[in-house]
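Asker: Test case, fold it:
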Amino acid sequence: MCSIWPRPPKTSQCQRCRNTEPTAGGWFYLSAILDDYSRHIISWKLCTNMKAEDETDTLDLALQASVCDQVHVAHKPRLLSDNGSSYVSSDLAYGLKDKGIKHSCGAPYRPQTFDQLVDRVPNAGANILDLGCGAGIPVARDLCSLGHNVIGVDGSKEQIAKAKINVPDADFIQSDMTELDFLESSFDGISAFYSMTHLPAQKQCCLISNISFWLKPGATFIVSFGSGDAGSWTGEWLGVPMFFDHNSETTTLNCFLNNNLNIREYAVEQQDNEDVFFLWVEAIKID
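Answerer: Below you'll find the predicted structure:
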């Protein structure tokens, strides 16, 4: 929620909304700030990508329109958004911090991901591996705040550098996740949110086998994969070149069953406000 107008906090709330429209040349993304009190759109921007800078630009326009950037406001703005990739980025977090604006997401990261991972591990002190941790926000940060021991892994040197600043209580490793080497039964839980989709499909089952080896008996693995027919795609995503690949859903699920991982739940779900679907799987290491 975001206090755009200088009204009391009980009535001054603002929501962040986004919509997408296809064009002959691709997609445009509508970034808009909606005041929850008046239900008026305060600012908007038509974007060709979904980047954190687009979100901060739209917010700047809203602050200018409401003159909150020119006067002292007793109740600082608060932003409410979904959990789209640009909203949970460290770049947006830095931008909001500079403006003194707090940020709340409207729902857990996914109904089958963060909350379920927390529910499955010990109340505190669990050893958790976050594959594809990015800049450590929000998963590693929130797991550490609950008292867990977190190791984050990402292939990006820049993201790992940011993660070490954002989450000083976690340990971070810059590495290709397929080249990791941990002892057997090292972890109470492992997460791989939106990260294994960037591996070649033939390497994904090999990594699942490694993950089974790293998990303690009874421990939880929660992960997302591409959905639909098997295939790869390379192109611009969120403004940068990106590679995606996945096996068929049947092949992926069989990789779990063939590696002593019992599938507790799986579902194909649409990403927040995007025309993209992911296969989410929660699996338990068999004793």
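
Asker: Which residue ranges of the stretch 101-250 of the chain form helices?
Answerer: 114-120, 139-145, 157-166, 201-214, 249-257 (DSSP state H, counting those that start in this stretch).

Asker: Give me the residue ranges of this protein where confidence is low.
Answerer: 1-27, 50, 76, 82-85, 88-90, 104-113, 237-240, 272-275 (pLDDT under 70).

Asker: Now do the strands in it.
Answerer: For the chain, the strands defined by DSSP state E cover 14-23, 26-35, 41-47, 78-81, 102-105, 127-131, 149-154, 171-174, 187-192, 215-226, 231-237, 240-246, 261-270, 277-285.

Asker: Okay, now the sheet partners of the last one, with direction.
Answerer: Same thing as strand 277-285. Its sheet considered, strand 277-285 pairs with strand 215-226 (antiparallel), strand 261-270 (antiparallel) by DSSP bridges.

Asker: residue contacts, the residue nearest to A32 when sequence neighbours are not counted?
Answerer: Leaving aside its chain neighbours, A32 sits nearest to W44 (4.0 Å; criterion: CB to CB, 6 or more residues apart in numbering). C-beta here means a position set from N, CA and C on the backbone, and glycine is covered the same way. Residues in contact with W44 (CB atoms under 8 Å, 6 or more residues apart in numbering) are 30-33, 58, 61.

Asker: possible to save those residues as CSV with distance to L215 and neighbour count?
Answerer: Listed next are the contacts of W44 as CSV, based on distance: CB to CB, whole Å; neighbours: other CB atoms under 10 Å:
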residue, distance to L215, neighbour count
L30, 42, 15
S31, 40, 23
A32, 43, 18
I33, 43, 27
T58, 42, 21
L61, 47, 17
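
Asker: Could you work out the most separated pair of the residues you listed?
Answerer: Of all pairs drawn from the contacts of W44, the greatest distance, 13.1 Å, lies between L30 and L61 (CB to CB).

Asker: Spell out which residues are contacts of both of those two.
Answerer: Common neighbours of L30 and L61 (CB under 8 Å, 6+ apart) are 44-45.

Asker: Next, the buried residues of stretch 223-243.
Answerer: Buried residues in stretch 223-243, counted by 16 or more other CB atoms under 10 Å: 223-227, 237.

Asker: and if you look at stretch 132-148?
Answerer: Buried residues in stretch 132-148 (16+ other CB under 10 Å): 132-144, 148.
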